[in-house]
Every structure is written in C-alpha cells, then in structure tokens.
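Undergrad: Sequence first, then the predicted structure:
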Amino acid sequence: MSEADASARLWLVVPAAGRGRRMGADRPKQYLTLEGRPVLAHTLSRLHQAFPQAQLCLCLDPDDDRFDPAWVPFARWRRSPGGHERADSVRQALAALAGEAGDDDLVLVHDVARPCVTVADLTTLLSALREDPVGALLATPVADTIKRDDGQGRIASTEPRDGLWQAQTPQGFRYGLLRQALEQAAAGGVGVTDEASAVEALGLSPRLVPGRRDNLKITHPEDLALAAHVLAAQREGAASHAGQGLAEHAHLASKETD
C-alpha cells in the first residue's frame, strides 16, 4: 500500500434516485419496509458499521419527499441530486465533491437496494482497493447455466459460463480515475451500467473480489422477502459465532483454574 493510499480519505456514494418501476410498488424500492425500516436505512446502517469515519454522498431525486435525514447514521454526509440514469447520479455526485476530494481519495459506490452486504465483504473490498492501482468490485462467479434468447422467447444458444462473473457493489476506485471514466463515457455517449464498465472503457481492468452470494439486489417483489430472510440468517450466524467464542473463552478460563 502506497503512502498516498494510507492517507487517502474514503467517500461513499449511494445512488438512491431510482423509482423502482420493476417492483410494481406504490413507492421507490429504497423506501419499501424491510423489518420495520426502509431498505435505505438498512443499507446506510450496514455501510456505517464498516466505515463509520467515511463521508457519504447520498444521491436523491430532487423531488423526493419521502426521505428522512434521521435514517443517515453518518456524521459527515450530503445530499446530491440524482440524475436520469445511475451513472448520471454518480457522475454528478463526484462533480459535487470537486475541490474537496483529492484524486487519490478512495470512492466506494454502493447500490441502495443491497442492504445485505456484510461488513466482512466491505472491509475486504476496501483492503483490495488500497492495494490495486485500478480499482476493485465485489462479484461472484456465475453459477447458473446461461441461455441467450432469440428475441421471441426461445433459446438461441447456451453461453459458456467459464470465466463469467456477476458484478455486485460496492465498486471502488480512486476519485480522479472514476470521475475521468464517467465524464468520458458521458461525453462519448458510451452506455455504462456500472462504474467498472466506465473504467473498462478506458482500457483498464478492475480487480474482481469474491463476495458472498447473499449480497442480493432488491429488484423484484419477491426479493424483499428474500432480503428479510438473509438479514435474519446473518444475525443468527453472528449470534452463533459469538456464542461459540464465549464458550471457548469459558473453557480456556476453566482450564486455567484447574
């Protein structure tokens, strides 16, 4: 890790201006209730658990009247106007940080609809980002057989899945590089679906960091119930691990008094 990376500040950008039309709900998916709280609140809480000292830039629709600042656990944060597409929101957020963020500062961009990302995966990704000059993103190897359709609802071909990965978030890059990539993509009319694809358009290859498969993105109605099950399972796993640790500690203590 370079001296610059050791002193670099960490910025979190969370695009949350989407309207979630695929959910078919009466509100954007970031405001749907998950375990009694909005999805957005869960996501910000999980990020804060991993990076309490980071600075947050939350991209919201300028006309959003559902947002409550009480859901933000970060001491240093700002609201940024969201754009028409995700890439527009991130690009505008980075522009708003000009003059504050240094080119070598680290930026993690995370989907607001991924509330199940684990603290362990978040810290692993940040460590990888600090060591990689290009950038890094959480991803999982494709496990299912992939079919390409013929445009009429039938299979045209089966695609080899060797070497294929499903991109997740966060995706992390240095501020200067990510801003350049998104600005050039916008100027050139290059369609990008995530930050990594914008950086790839510069001829660079971000690092794939294996993440957990339960870092799901809430997109369809059934995903909300699945996310609730994932959060419950994660809590149960954490409690079990803590209980095991206490049992081992008690066992060692009893040995010492024997």
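TA: Arrived safely, thanks for sending. Residues are numbered from 1 along each chain as shown.
Undergrad: Work out the sheet partners of the strand ranked longest in the chain and label each with its direction, please.
TA: Of all the elements of type strand in the chain, the one with the most residues (DSSP state E) is strand 165-174. Strand 165-174 sits in its sheet next to strand 106-109 (antiparallel), strand 136-141 (antiparallel), going by DSSP bridges.
Undergrad: Can you say which of the ones you listed is packed in most?
TA: Mean neighbour count, computed with mean count of other Cβ atoms under 10 Å, is highest for strand 106-109 among the strands paired with strand 165-174, reaching a mean of 26. From N, CA and C alone the C-beta is placed, and that goes for glycine too.
Undergrad: Only alpha carbons, please: show it as CSV.
TA: Once non-C-alpha atoms are left out, strand 106-109 reads as follows in CSV (Å, rounded to 0.1, in the frame of the first residue of the first chain):
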residue,chain,number,x,y,z
LEU,A,106,-11.0,6.3,-2.4
VAL,A,107,-14.6,6.1,-3.5
LEU,A,108,-16.9,3.2,-2.9
VAL,A,109,-20.2,3.3,-4.9
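Undergrad: on that earlier part again, identify each buried residue in the next helix or strand after the longest strand of the chain, please.
TA: Where DSSP states H and E defines the elements, the next helix or strand beyond strand 165-174 is helix 175-187. Of the residues in helix 175-187, those buried by neighbour count under the rule 16 or more other Cβ atoms under 10 Å are 175, 177-182, 185-186.
Undergrad: Can you list the buried residues in the longest strand of the chain?
TA: Buried residues in strand 165-174, counted by 16+ other Cβ under 10 Å: 167-174.
Undergrad: cool, and stretch 59-68?
TA: In stretch 59-68, counting by 16+ other Cβ under 10 Å, buried: 59-61, 64, 67.
Undergrad: ok, so of those, who is nearest A98?
TA: Within the buried residues of stretch 59-68, the smallest distance to A98 is 15.5 Å, found for C59 (Cβ to Cβ).
Undergrad: Then that closest one would be within a strand, right?
TA: Yes - under DSSP: H, G, I helix; E, B strand; the rest coil, C59 sits within a strand.
Undergrad: contacting residues for it?
TA: The neighbours of C59, taking Cβ atoms under 8 Å, 6 or more residues apart in numbering as the test, are 13-17, 80-83, 89-90, 92-93.
Undergrad: gap between the two ends of stretch 129-142?
TA: The distance separating the two terminal residues of stretch 129-142, taken as Cα to Cα, to the nearest Å, comes to 22 Å.
Undergrad: got a list of contacts for the longest strand of the chain?
TA: If you take Cβ under 8 Å, 6+ apart as the criterion, strand 165-174 is touched by 8, 12, 103-111, 114, 117, 122, 125-126, 128-129, 134-142, 181, 194-196, 199, 206, 208, 211, 215, 217.
Undergrad: List only buried entries from the residues you listed.
TA: 8, 12, 104-111, 114, 117, 122, 125-126, 128-129, 134-140, 181, 194-196, 199, 206, 208, 211, 215, 217.
Undergrad: on that earlier part again, which members of the contacts of strand 165-174 occur in helices, if any?
TA: Using DSSP state H, the members of these that fall in helices are 122, 125-126, 128-129, 181, 195-196, 199.
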